[in-house]
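K.L.:
Provided below for reference: sequence and predicted model.
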Amino acid sequence: MTYTEKDFSVFQYNPLVKKDLDKFIATIPDEFKSHTHIHGLVSYTMLMYDPRSILIVREREIDQRKRTAAELANLKEMEDYFTLSDETLMTLVIWYLKTQVKSREFAAIVALEYKFWENISELMSPIVGESNKERLEAAQKKAVISQEIDSDIAKLNRYYKDFFGDDDAISTQVRKQSFRPENFARK
């Protein structure tokens, strides 16, 4: 999918507009400003971790969202940013979630999505071991991971509902009434 500056116009500082990024970078702590890819890191952070980002809705698969955000932010060395192994980026993301997004629920969503997909990856890896004992331990570890995944899904569903809203009220209303044009016309 192709994105333009207009797709991110809901931001006070558009992550695809250099002069907006310059204005925003002027407001961030000095510790981040010396990073060689600061414009790319800030743009990537906004694109990936701001709930107003259209990527949150359109790129539901997290690895695709990371690739798209990195591409839009002109980050060439993408792998460090996918895993958040770049220490500056990790600190910047936490700072951004705390000071700009200001939602514990959304911060929890971000963290749990990463944990969830790491656990899925671990669960899908084959059970290996030299002995029966090692294979049994690996299988037991997968059982624990499976329980964590169930727990994470429940938490994510709750946080999604808390942050993005509850559709249950709308569903109940739709079931109670028939929403046809003539019903609206009577009012």
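P.N.:
Yep, that arrived. Numbers count the residues shown, from 1 in each chain.
K.L.:
so which elements touch the helix or strand where residue 160 lies?
P.N.:
Element membership of residue 160, judged by DSSP states H and E, is helix 132-164. Packing contacts for helix 132-164, counted by 3 or more Cβ pairs under 8 Å, 6 or more residues apart in numbering; DSSP states H and E, involve helix 104-124. The C-beta positions use only the backbone N, C-alpha and C, and glycine is treated the same way.
K.L.:
what sits up against the helix it packs on?
P.N.:
Residues outside helix 104-124 that contact it (Cβ atoms under 8 Å, 6 or more residues apart in numbering): 49, 51, 62-63, 84, 93, 97-98, 101, 142, 145-146, 148-149, 152-153, 155-156, 159-160, 162-163.
K.L.:
what does stretch 37-48 give?
P.N.:
With Cβ under 8 Å, 6+ apart as the test, stretch 37-48 has contacts from 8, 11, 13, 15-16, 18, 21, 24-25, 28, 32, 35, 53, 55, 65-66, 68-70, 72-75, 77, 81, 86, 88-89, 92-93, 96.
K.L.:
in PyMOL, how would I select the buried members of the residues you listed?
P.N.:
One line in PyMOL is enough to select the buried ones among the contacts of stretch 37-48; burial here means 16 or more other Cβ atoms under 10 Å:
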select buried, resi 8+11+13+15+16+21+24+25+28+32+35+53+55+65+66+68+69+70+72+73+75+81+86+88+89+92+93+96
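K.L.:
pLDDT below threshold where in the protein?
P.N.:
77-84, 167-187 (pLDDT under 70).
K.L.:
residue 141 versus the residue nearest the centre of it, what's the distance?
P.N.:
With distances taken as Cα atoms, centre = their mean, the residue of the chain nearest its centroid is residue 110 (4.6 Å). Applying Cβ to Cβ, to the nearest Å, the value for residue 110 to residue 141 is 25 Å.
K.L.:
quick one on the thing from earlier: narrow the contacts of helix 104-124 to those that are buried.
P.N.:
Buried among the contacts of helix 104-124 by 16+ other Cβ under 10 Å: 49, 84, 93, 97, 101, 142, 145, 149, 152, 156, 159, 163.
K.L.:
pull the most distant pair out of these.
P.N.:
Distances among those were taken as Cβ to Cβ; the most separated pair is 101 and 142, at 33.8 Å.
K.L.:
which elements pack onto whatever helix or strand residue 20 lives in?
P.N.:
In this assignment (DSSP H and E), residue 20 forms part of helix 18-25. Applying 3+ Cβ pairs under 8 Å, 6+ apart, one finds that helix 18-25 contacts helix 38-49.
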